[in-house]
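Colleague: This is a predicted model, with the sequence first.
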Amino acid sequence: MAKYIKKWVEEQAELTKPDKVWWMDGSEKEARELINIGITKEMIGDNHTFSGLNAKFFPNSYHHPSHPTDVARTEHLTFVCHPKKEDAGPNNNWMDPDEAKAKLRPLYDGCMKGRTLYVIPYIMGHPDSPYAKPCIQITDSVYVAVSMRIMTRVGPEAMKKIGDSKDFVKGLHSVGDLSPERRWIMHFPQENLVMSIGSGYGGNALLGKKCFSLRIGSCIGKREGWLAEHMIIVGVQAPDGDVKYFLGAFPSACGKTNLALLDPVLKGYKVWTLGDDIAWLNVGPDGRLYAINPEAGFFGVAPGTSEATNPVMIKTLKNDKFYPTLFTNTAVDTDNNAPWWEGLTEARPKNLIDWQKKPYDPASGKTAAHPNSRFTVSIYNCPTLSPEFDNPKGVPISGIIFGGRRKTNIPLVVETKDWEHGVFLASIMGSETTTAALHQVGVVRRDPMAMLPFCGYNMGDYFAHWLSFAKKLKHPPKIFMVNWFRKDSEGRFIWPGFRDNSRVIKWMIDRIDGKAKGRETMLGVSPQKGELDLSGLDISDAGMEELFSIDRESWKAETAEIEKFYQQFGGRVPKALFKQLDSLKDKISKLP
Ligand code: GTP
Ligand code: SPV
Ligand code: MN
């Protein structure tokens, strides 16, 4: 066996002192054994890790309640440990690497006593892809072990790929005692190492996801000349059969999964799914931008997912091709033993247990499913999976869409002028915070490229890295900015969103094909009246106008905030972006 893998695993076992070490082979038989352990043995608080659900509703599916204090990413406990603080930037919590390890060591010492240490060899990306990366994660949670098998490519192939090399990504994970007091998610970019303890939740514990594919990945990408991004990848097929590939960056719980599995309302259009959360971007030999999805599954937000809003996801969850599907912190309809969440059906089932498996009382004023409850399902169960998904080269990108959750200010859609202007608008993105992380919900924060919690190094340097692609790309994609979440004075969404977002994508395709003229606005080119296909949609002219309105005073306040945001980075924000900001301020001052 590959000697460095063996050595590293032995060292971690010596530290954590498990009863048993289990090397995962990624087989279905093994997944069944692991799930059985979660049903009969492993506990989280008073509940078993897994309980079986009725296969008539969702085949091969299991419910998982997490610890009640462990329901979302914990950004305040997430650190990036570069040797120099400035390299982490104000966008990351920072700790000196030696200090961080000294803090963690006693927490890991003996933390797996009485438990099993699972070794998970996995590959991010298709094994044949030049962009794929082999990794080893250790965990003491069967939930994490099973989730990793759904979300990544687990198996001996990863070990073969690593061979006798030292060059693999290492992740050490333990649930510890699940106490938020002893919970840390620490990254060591210099060593391609992640150490996570005290949480069993999604992005804190499935280390291939945000920890490796984005935080460590962005640092590797900076060194090697590529980009690790919080983006979906889709192919959009027009009625003439032509497929164009798009990337879409939206902050957590702002619509990526829904857009990635879109069932367009417009006749003749079809969306092919390649990824719903993470994209690795490389410049191809032809000077175009190519994207691969390093993951192999969806870890999607349950609330709001229904036959009406996202029929393709409901079909995915009902598909039994790849075993199993997990439902984390949803409610359960006890009459049917079926998972339920707010929005799944219009009527709420009579007899529910809530996400902590307690009888649900609607009078409590709380939701039955946790607002950040999620499903974990293989991408191979998705009926709209693109035939290009397993193409090791990835797909060539024609358009990049950036979007946030904004009640005001940001129009439904604009096309930016060029790469630099696109990078500028992406760098000033703001979004209202959601329940995907533990913090105050609904406040606007700057979230450049939807990467604020995930960029593993100083964001000023990250902007410069983005700008550097202008020279490398012979055929740069067009960059668009969208906002599905604008509200009217009564607090209702003006744009219907979801499947109707295909109307906006169609206009983007028309722009790329040179078929739509558009009109100049302060922020870029927006559709002319009549260019957006609104057939069959009940929306007033006034509503449409409001979706694109730009208010001078609120934009003045917005740019003041952006300037403050830029200034935090101590001179690392490229001058070109300050120039773009000056030019925007100038345009705002000339608004009527
Ligand atoms: P992460 O997995 O956290 O990265 O989230 P995501 O960006 O994939 O978000 P997702 O698609 O799961 O959507 C999050 C929430 O936004 C869900 O409650 C959706 O119902 C809602 N949502 C998605 N698209 C739209 C839209 O076009 N309009 C409106 N109003 N809501 C939407
Ligand atoms: C997000 O929060 O952006 C997610 C879920 O996609 S997690 O895996 O927890 O990061
Ligand atoms: Mn995400």
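Modeller: Structure received. Residues are numbered from 1 along each chain as shown. Ligands and ions are numbered 1, 2, ... in the order given.
Colleague: rest of the way, CA atoms for contacts and neighbours
Modeller: Noted.
Colleague: For stretch 436-445, buried residues please.
Modeller: If you call a residue buried by 16 or more other CA atoms under 10 Å, then stretch 436-445 has these buried ones: 436-438, 444.
Colleague: need those in JSON lines with pLDDT and distance to ligand 1, can you?
Modeller: Below are the buried residues of stretch 436-445 laid out as JSON lines (pLDDT from 0 to 100; distance: CA to the nearest ligand atom, whole Å):
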{"residue": "Ala436", "pLDDT": "90", "distance to ligand 1": "5"}
{"residue": "Ala437", "pLDDT": "92", "distance to ligand 1": "9"}
{"residue": "Leu438", "pLDDT": "90", "distance to ligand 1": "12"}
{"residue": "Val444", "pLDDT": "95", "distance to ligand 1": "16"}
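Colleague: among those residues, which are in reach of ligand 2?
Modeller: The subset of these within reach of ligand 2, by CA under 6 Å from any ligand atom, is Ala436.
Colleague: residue contacts, the residue of the stretch 401-550 of the chain at minimum distance from ligand 2?
Modeller: Using CA to the nearest ligand atom, the closest approach of the stretch 401-550 of the chain to ligand 2 is made by Ala436 at 4.7 Å. Shown in contact with Ala436 (CA atoms under 8 Å, 6 or more residues apart in numbering): 72-73, 252-253, 372.
Colleague: Turn those residues into a markdown table, columns for neighbour count.
Modeller: Listed next are the contacts of Ala436 as a markdown table, based on neighbours: other CA atoms under 10 Å:
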| residue | neighbour count |
| --- | --- |
| Ala72 | 21 |
| Arg73 | 23 |
| Ser252 | 22 |
| Ala253 | 18 |
| Asn372 | 20 |
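Colleague: ok, and of the residues you listed, which contact ligand 2?
Modeller: Among the contacts of Ala436, proximity to ligand 2 is found for 72-73, 252 (CA under 6 Å from any ligand atom).
Colleague: Which of those sits closest to Glu553?
Modeller: Ser252 (28.3 Å; CA to CA).
Colleague: Wasn't the closest one part of a strand?
Modeller: No. Membership of Ser252 in a strand is not supported by DSSP: H, G, I helix; E, B strand; the rest coil, which gives coil.
Colleague: I figured it hits Thr434, correct?
Modeller: Yes. Counting by CA atoms under 8 Å, Ser252 does reach Thr434; the two are 7.1 Å apart.
Colleague: Distance check, Pro448 against Gly430.
Modeller: Pro448 sits 7 Å away from Gly430, going by CA to CA, to the nearest Å.
Colleague: For the two, indicate the residue with more neighbours.
Modeller: More crowded of Pro448 and Gly430, by other CA atoms under 10 Å: Pro448, with 27 against 24.
Colleague: who's in contact with that one?
Modeller: Going by CA under 8 Å, 6+ apart, Pro448 touches 426-430.
Colleague: May I see those residues organised as JSON lines, with distance to ligand 2 added?
Modeller: Shown next, in JSON lines, are the contacts of Pro448 (distance: CA to the nearest ligand atom, whole Å):
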{"residue": "Ala426", "distance to ligand 2": "17"}
{"residue": "Ser427", "distance to ligand 2": "18"}
{"residue": "Ile428", "distance to ligand 2": "19"}
{"residue": "Met429", "distance to ligand 2": "16"}
{"residue": "Gly430", "distance to ligand 2": "15"}
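Colleague: Looking at the residues you listed, which are in strands?
Modeller: Those of the contacts of Pro448 mapping onto strands are Gly430, per DSSP state E.
Colleague: Of the contacts of Pro448, grab the buried ones for PyMOL.
Modeller: Under the burial definition 16+ other CA under 10 Å, those of the contacts of Pro448 that qualify are selected in PyMOL by:
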select buried, resi 426+427+428+429+430
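Colleague: The residue of the stretch 51-200 of the chain found nearest ligand 2 bridge partners, please.
Modeller: Nearest residue of the stretch 51-200 of the chain to ligand 2 (CA to the nearest ligand atom) works out as Arg73 at 5.2 Å. Residues in a beta bridge with Arg73, per DSSP bridges, are Ala437.
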